[in-house]
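Trainee: Give me a model of this one.
(one chain, ligands or ions: 2)
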Amino acid sequence: MLLEVRHLKKRFGNQVVLDDININLDRGQVLCVLGQSGSGKTVLFRHIIGLLFPDGGEIRLDGQVVSTPTTKPADFEKHRKRFGILFQGAALFDSMDVGENLAFPLREHTHLTTKEISKTIGEALEMVGLREEFKSKMPSELSGGMRSRVGLARAIVMKPEIMLYDEPTSALDPIMTDKINDLIMSLRDRLKMTSIVISHDIGSAYKVADKIAMIHEGKIIFDGTPPEIRSSRNLYVQQFLRGYREKFYAFSEEEKYANPVDISKIKPARPPKKGAAQQNAPLSVPIDIANKKFEMPVRARTGEPPR
Ligand SMILES: Nc1ncnc2c1ncn2[C@@H]1O[C@H](COP(=O)(O)OP(=O)(O)OP(=O)(O)O)[C@@H](O)[C@H]1O
Ligand SMILES: [Mg+2]
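Mentor: Ligands and ions are numbered 1, 2, ... in the order given. Take a look at the predicted model:
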């Protein structure tokens with residue numbers, strides 16, 4: 001096991017933020033951590049990279065304990081270079097241009113020549129879909145999406161063993177989101193890079209994740225594969241997925257069917273098994289609707305007859 005988070009606890013004053021968090025991650029896997037705003041995703045992220053230390057529990061890398069309540073930041077220093085980090089909001093050095101931002105970790109941690117650094121930077125920019133001309137831009141001259149991509153390029157120049165992304169796609173348009181998702185997957189497939197992606201974007205999680213963990217009230221309330229989360233019977237998990245879906249996709253459903261969809265009038269595509277009718281009820285909608293977007297059940301509309 002590459003990464004193990006065991007019984008992690010963290011409080012700030014009276015506020016318990018993490019309350020017994022457990023996560024296992026194998027080399028080469030992509031884990032997405034989902035949760036509402038304020039649920040503690042960034043706090044968990046900061047523990048994994050050794051910027052915060054727990055009040056209880058521990059974190060292991062390759063079976064070795066690297067973080068406990070008594071670990072000092074200096075003790076963690078040697079582990080930190082195993083991680084590539086994309087902070088929420090990209091966190092570029094504002095006084096350096098893009099090229100200098102990308103060169104910084106290479107100058108600090110490698111013995112590459114100026115020419116080699118320049119080549120590595122060019123490759124990293126290309127991977128995130130930016131032309132080499134961007135090297136001379138200042139961060140203040142970039143759009144939010146471009147800043148994220150520069151942040152990502154800076155995180156991958158070192159080809160880290162474990163990449164952590166905090167909301168990598170939240171400032172991006174759908175096309176750029178897809179590109180970043182493809183990049184996360186290609187880093188896994190080409191470099192066997194292990195990734196942890198913190199997000200509230202379920203669409204991206206379904207696409208890139210080998211595993212999904214959902215954090216709620218300080219606990220991991222779901223841990224499994226994308227197909228498993230879709231069929232989870234946990235009420236909060238369903239609310240989270242459905243809330244997202246209704247918010248973003250309710251309209252496209254109506255466009256397709258011209259009239260509002262009245263699920264109660266549509267025959268189930270698969271007859272529910274005897275005795276299991278009640279349990280299967282929410283999923284018994286035509287397959288083309290059920291599979292649309294994220295294969296989530298469509299909630300029946302009531303009191304609204306079809307026109
Ligand atoms: N250094 C800190 N001191 C005190 N409280 C903190 C600190 N860092 C985080 N918190 C609190 O911990 C809780 C979780 O914050 P966190 O940033 O992890 O949320 P999040 O899940 O990343 O949310 P978002 O999706 O909005 O980024 C919040 O209530 C926050 O106020
Ligand atoms: Mg956060």
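Trainee: Chain neighbours aside, what residue packs nearest to Arg27?
Mentor: Leu2 (4.5 Å; C-beta to C-beta, 6 or more residues apart in numbering). Glycine gets a C-beta too; all of them are placed from N, C-alpha and C.
Trainee: Share the number of residues neighbouring that neighbour, please.
Mentor: 17 (other C-beta atoms under 10 Å).
Trainee: Show the backbone phi and psi for it.
Mentor: Main-chain dihedrals, Leu2, degrees, to the nearest 10: phi -70, psi -50.
Trainee: What confidence value was assigned to the residue in the stretch 151-300 of the chain that ligand 2 sits nearest to?
Mentor: Nearest residue of the stretch 151-300 of the chain to ligand 2: Asp166, at 5.8 Å (C-beta to the ion). pLDDT for Asp166: 88.
Trainee: does the residue nearest to it when sequence neighbours are not counted count as helix, strand or coil?
Mentor: In space, and not counting its chain neighbours, Asp166 is closest to Gln88: 4.2 Å by C-beta to C-beta, 6+ apart. Following DSSP: H, G, I helix; E, B strand; the rest coil, the label given to Gln88 is coil.
Trainee: Which residues does the helix or strand harbouring Glu100 contact?
Mentor: In this assignment (DSSP states H and E), Glu100 forms part of helix 98-109. Under the contact criterion C-beta atoms under 8 Å, 6 or more residues apart in numbering, helix 98-109 has outside partners 81, 92-93, 96, 112, 117-118, 120-121, 124-125, 130, 134-139, 142, 150, 153-154, 157-158.
Trainee: Just say helix, strand or coil for the most centrally placed residue in the chain.
Mentor: Among the residues of the chain, the one closest to the centroid is Val197, at 2.9 Å (C-alpha atoms, centre = their mean). Assigned with three-state DSSP, Val197 falls in the strand class.
Trainee: How about it: which residues does it bridge to?
Mentor: Beta bridges link Val197 to Cys32, Tyr165 when assigned by DSSP bridges.
Trainee: Quick check: it touching Leu31?
Mentor: Yes. Counting by C-beta atoms under 8 Å, Leu31 is a contact partner of Val197 at 7.1 Å.
Trainee: where in the chain is pLDDT low?
Mentor: For the chain, the stretches flagged by pLDDT under 70 are 89-90, 244-307.
Trainee: Where do the helices of it begin and end?
Mentor: Listed in chain order, the helices found in the chain under DSSP state H are 41-48, 73-80, 98-109, 114-127, 144-156, 174-191, 202-208, 226-230, 235-257, 277-280, 287-290.
Trainee: which neighbours do Val197 and Leu31 share?
Mentor: Joint contacts of Val197 and Leu31 (C-beta under 8 Å, 6+ apart) are Ala209.
Trainee: Compile the helices of the chain into JSON lines and extend it with columns for distance to Met214.
Mentor: Shown next, in JSON lines, are the helices of the chain (distance: least, C-beta to C-beta, whole Å):
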{"stretch": "helix 41-48", "distance to Met214": "10"}
{"stretch": "helix 73-80", "distance to Met214": "26"}
{"stretch": "helix 98-109", "distance to Met214": "32"}
{"stretch": "helix 114-127", "distance to Met214": "29"}
{"stretch": "helix 144-156", "distance to Met214": "23"}
{"stretch": "helix 174-191", "distance to Met214": "19"}
{"stretch": "helix 202-208", "distance to Met214": "9"}
{"stretch": "helix 226-230", "distance to Met214": "7"}
{"stretch": "helix 235-257", "distance to Met214": "6"}
{"stretch": "helix 277-280", "distance to Met214": "22"}
{"stretch": "helix 287-290", "distance to Met214": "21"}
